[in-house]
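In: sharing a sequence plus its predicted fold:
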Amino acid sequence: MKNFLLFTLIFCFASSLLASTKEEAEILFSQRADDEENALKAALIYADLAKAAPDVMTKAELLYRESEARYYYGTNLKGYWPIEISGVAEVPDEYKKERMAIHKIAYEILLPVMQELKAMPQSDDRDDLLAQVIFFYGANLGKWGENNGPVASLGQWGTLKAAMEEIKDLNRLAETEAYGSYRILGRGFYKLASLPGFGYKKAVTYLKKAYEGSLNSEKTTSIHGLNVLFYAEALVKVDETALAKSILESFIAVNPETLHVGRIPETKVEQEFARKLLATL
């Protein structure tokens, strides 16, 4: 009996340490806009916690949180450029190699646990978690490709496309980062538009679904700033500039704190880029 009580006390103490450490990571990530290094610190905490995770589901959640934090760190390293506007805001080439390495780590850490989740019996909880894991795998793979050069990374397109279609198969489009899979696919068709089989019209098809599927409660704009920016860019390319201007203006007019509650720092910068893009149209 004494041994059992001692074990219980040790287990509860260890659990409280886990919770407080996870809370520390969450706090650091919430402070990412103050310093992108906070996101990296959060990622490292999640990585350590994942090593001691008691089961696959717990490990998967910690690892996708790590990947999410690394995604932020990579995209914000030395400046956040959600889109590149020629002559206005462009990612310097000397930053791209370093960013590429960060995103490579962030998608590779998810590969083993993704397969472990797929091997588990189907359940709503597993599907929710698997969709998040697949999304951040794809988001980082896509950013790796952007920094490497879209054409140079063409060999990974099939892998990325198949991964994003898995989220659709899981019936988790809306729940997973506001139609994030369609956003990533649309961005891919946009970035590779000059190649056979791609094109701006295909980009618009996916990005329109992402935008319209993620509208705020007032139906005035998407809750996700990247759905707005990517869709507007693509619309301009298919001679729908008036519509592009309209959705940019609607996005700028909304209080960022009323949109995606988990992305307020990103939304604020994306509104600034919406203004910059609008000024070029």
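Out: Structure received.

In: okay, CA-based contacts and neighbour counts for the rest of this
Out: Will do.

In: give me the distance from the helix or strand hosting Asp127 to the chain's centre.
Out: Assessed by DSSP states H and E, Asp127 sits inside helix 124-148. Relative to its chain's centre, helix 124-148 lies at 7 Å (CA atoms, centre = their mean, to the nearest Å).

In: list the buried residues for the helix or strand that comes right after that helix?
Out: Downstream of helix 124-148, the next assigned helix or strand under DSSP H and E is helix 157-169. If you call a residue buried by 16 or more other CA atoms under 10 Å, then helix 157-169 has these buried ones: 157, 160-161, 163-168.

In: between the helix holding Asp127 and helix 157-169, how many degrees?
Out: Relative orientation of helix 124-148 versus helix 157-169 (axes from the mean of the first three to the mean of the last three CA atoms, to 10 degrees): 150 degrees.

In: show me what helix 124-148 is packed against.
Out: When contacts are defined as 3 or more CA pairs under 8 Å, 6 or more residues apart in numbering; DSSP states H and E, helix 124-148 sits against helix 56-76, helix 93-108, helix 111-118, helix 157-169, helix 180-191.

In: using PDB, list the CA coordinates for the fourth one.
Out: Read it as helix 157-169. Extracted C-alpha coordinates of helix 157-169, given in PDB (Å, rounded to 0.1, in the frame of the first residue of the first chain):
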ATOM      1  CA  TRP A 157       4.800  18.500 -55.300                       C
ATOM      2  CA  GLY A 158       3.200  15.100 -55.500                       C
ATOM      3  CA  THR A 159       4.000  14.300 -51.900                       C
ATOM      4  CA  LEU A 160       2.600  17.700 -50.800                       C
ATOM      5  CA  LYS A 161      -0.600  17.400 -52.900                       C
ATOM      6  CA  ALA A 162      -1.300  13.800 -51.600                       C
ATOM      7  CA  ALA A 163      -0.800  14.900 -48.000                       C
ATOM      8  CA  MET A 164      -3.200  17.800 -48.400                       C
ATOM      9  CA  GLU A 165      -5.800  15.600 -50.000                       C
ATOM     10  CA  GLU A 166      -5.600  13.300 -47.000                       C
ATOM     11  CA  ILE A 167      -7.100  16.100 -44.900                       C
ATOM     12  CA  LYS A 168     -10.000  16.200 -47.300                       C
ATOM     13  CA  ASP A 169     -10.400  12.400 -47.000                       C
END
